[in-house]
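Asks: can't give you the sequence, but here's the structure:
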């Protein structure tokens, strides 16, 4: 065992020259050919794959597959999880997104088992950990970090940030300098992409401090390159060249040929800014040669396009055109291949959701079948009664009377059900109305108290015979009375609005300020939800077109439609808030706009959206996506009918996972 550990420790020593690199690989192969110990073979395959994975990705993947084979044979679970991670890392570099994702998930599932570190953790290159638990957490941290890279490549920014934060938390828990350096570096990249260069540079420097305290060198060259590019963007070329030269030297020592090619391109661009075209051409050619040596199409395309620009500056149009054509040809080929892999990757995340949705749909279909059977049974009973009455009485008139009564009852039930839906929305408004009405009532009470005190003062001044002071106090009393009257009317308007909402519509169109109506229901709905759930908060955005003026409509009906749409929006952002982390900010926007001869009212949210397969059903009576007991399915159906009765349209735009927008179009 001591001999095994000695040999493994020997192979972890860092390399500094190309000659040493070759000797390192040769020494590993020599031991591999002479040893019969499966544990040593497994570790050697890992080190060979790890050494080649940032350059010769094909060979690296083969070695990590060998590592996985021996890990399974030896039942060394942590090594197995690491093998899946390393394979996924290589596949991600090669834009094989779906296979990378699958292997990361396999590795994560193994490492999350508390017993996965029980055997063999001390042999691994993650043996800098002090215990099996720390080794296991370091693997979980690295997989989460690399998953953030995968989601960044897949343009799924929310998932990228979520996994990056997970990785950083694990790094802080373990004081793992490697994980902390990588996560701080990527946070710097995010700030740079958001046009915050100073914050980006601060994170890069923080990342560098962690690197210097870490035993790892992998990725350090890339960090030097990022810092150098940041200084170049600030036109601090001396500092930029220092860091870019460090990047090149570090990439050579670590055999990170993909990063080496890119750092050559970066320093070439700095020399181009300095008008030193010979150095620009020299470093660009070096980068192209490195990309060719590892057959990296992406870097090769970048280099060719950069060469095209250089030759154009040197007034060599033939060479400029040649490299431009070659670069764009490779780039187009990569783009097409990448898009196909991106689609595969994005489909992976939805497969489980689709499966669960199918289960839910099957359950809903089963419930609908039971409801249909019940309905058929009820209808059968009704028909049986009708037939029974017909056979007994043999009188058509009596049968018609029974059927007419049933029809009347059905209409009454329908009217009652619709009124119940209206009263349900009134209930949702009650808390908001209480909040709104309290404000003017407070004004009435306060000014009444002030007038009482002023009345006492006016008596005192009258006894003194101070006419001037009496006039001043009288004027104050008058102004306060006007304010009492104003706020009393405001409270009265709120109460009338509530009563108007609760009673049946008179069906008379009246000139209505749609902006005031919409804004009032927006605030009432929000306060109503806040009254039921104190933890709920949402950003409320409005954009009202002041040029609309008053339009003729049935205010209580359109108000009911607007209220229903706003309540639905608040409900869906509240549900999403419960499902995701604190990075999500619930937002509901209400806008009005005048469009030629139409008025547009839109209610938008950034909730979960509506599944495309049910979008066509949402305006059907009794159809709802809410859990049982939380919705009748009449809200949108009634809203649709009300808008149609006004000669308008109610439309929906939705994107699953991103949000929904309902739009009301009314004719002027």
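Replies: All right, it came through fine. Note that the structure is a prediction, hence the values are computed from the model and not measured.
Asks: residues in contact with the residue most central in space within the chain?
Replies: The centroid of the chain falls nearest to residue 158 when counting by C-alpha atoms, centre = their mean (3.9 Å). Residues touching residue 158, when contacts are defined by C-beta atoms under 8 Å, 6 or more residues apart in numbering, comprise 580, 583, 584. No exception for glycine: its C-beta is placed from N, CA and C like everyone else's.
Asks: Could you rerun that using 10 Å?
Replies: Contact partners of residue 158, counting by C-beta atoms under 10 Å, 6 or more residues apart in numbering, are 151, 580, 581, 583, 584, 657, 658.
Asks: And the pLDDT at it?
Replies: Model confidence at residue 158, expressed as pLDDT, equals 81.
Asks: quick one: it and residue 151, what's the gap?
Replies: In this structure, residue 158 and residue 151 are separated by 8 Å, where distance is defined by C-beta to C-beta, to the nearest Å.
Asks: Can I take it that the residue nearest to the centre of the chain is in a helix?
Replies: Yes. Secondary structure assignment places residue 158 in a helix (DSSP: H, G, I helix; E, B strand; the rest coil).
Asks: measure it to residue 579 for me?
Replies: The value you get for residue 158 to residue 579, if C-beta to C-beta is used, is 12 Å.
Asks: before we move on, what about residue 109?
Replies: Distance from residue 109 to residue 579, counting by C-beta to C-beta: 22 Å.
Asks: Comparing these two, which residue is more hemmed in?
Replies: residue 109 (13 against 9; other C-beta atoms under 10 Å).
Asks: Was I right to think the more buried one contacts residue 84?
Replies: Yes. In this structure, residue 109 sits in contact with residue 84. The criterion is C-beta atoms under 10 Å, and the distance is 9.0 Å.
Asks: any common contacting residues for those two?
Replies: Taking C-beta under 10 Å, 6+ apart as the contact definition, residue 109 and residue 84 share the neighbouring residues residue 143.
Asks: where along the stretch 201-350 of the chain do the strands fall?
Replies: Under the criterion DSSP state E, counting those that start in this stretch, strands are not mapped anywhere in the stretch 201-350 of the chain.
Asks: Just say helix, strand or coil for the closest residue to residue 88 other than its chain neighbours.
Replies: The shortest distance from residue 88 to any non-neighbouring residue, by C-beta to C-beta, 6 or more residues apart in numbering, is to residue 103 (3.8 Å). Counting by three-state DSSP, the backbone at residue 103 sits in helix.
Asks: Could you report the separation of residue 103 from residue 446?
Replies: If you go by C-beta to C-beta, the gap between residue 103 and residue 446 works out to 68 Å.
Asks: One more: residue 249?
Replies: According to C-beta to C-beta, residue 249 stands 75 Å off from residue 446.
Asks: which one in this structure is furthest away from the centre?
Replies: Outermost residue of the chain with respect to the C-alpha centroid, by C-alpha atoms, centre = their mean, is residue 465; its distance is 73.6 Å.
Asks: Now the phi/psi pair for that residue, please.
Replies: Backbone torsions of residue 465, given as degrees, to the nearest 10, read phi 80, psi 20.
Asks: and if you look at the one 10 residues further on?
Replies: Comment: the main-chain dihedrals of residue 475 come out as phi -60, psi -40, following degrees, to the nearest 10.
Asks: gap between it and residue 130?
Replies: Summarising the geometry, the distance separating residue 475 from residue 130, computed by C-beta to C-beta, is 82 Å.
Asks: so how many other residues sit close to residue 397?
Replies: Neighbours around residue 397, by other C-beta under 10 Å: 8.
Asks: Quick check: chain neighbours aside, which residue is closest to residue 192?
Replies: With C-beta to C-beta, 6+ apart as the measure, residue 200 is the residue that lies nearest to residue 192, at 3.8 Å, once sequence neighbours are left out.
Asks: Please tell me how far that neighbour sits from residue 177.
Replies: When C-beta to C-beta is applied, the distance between residue 200 and residue 177 equals 20 Å.
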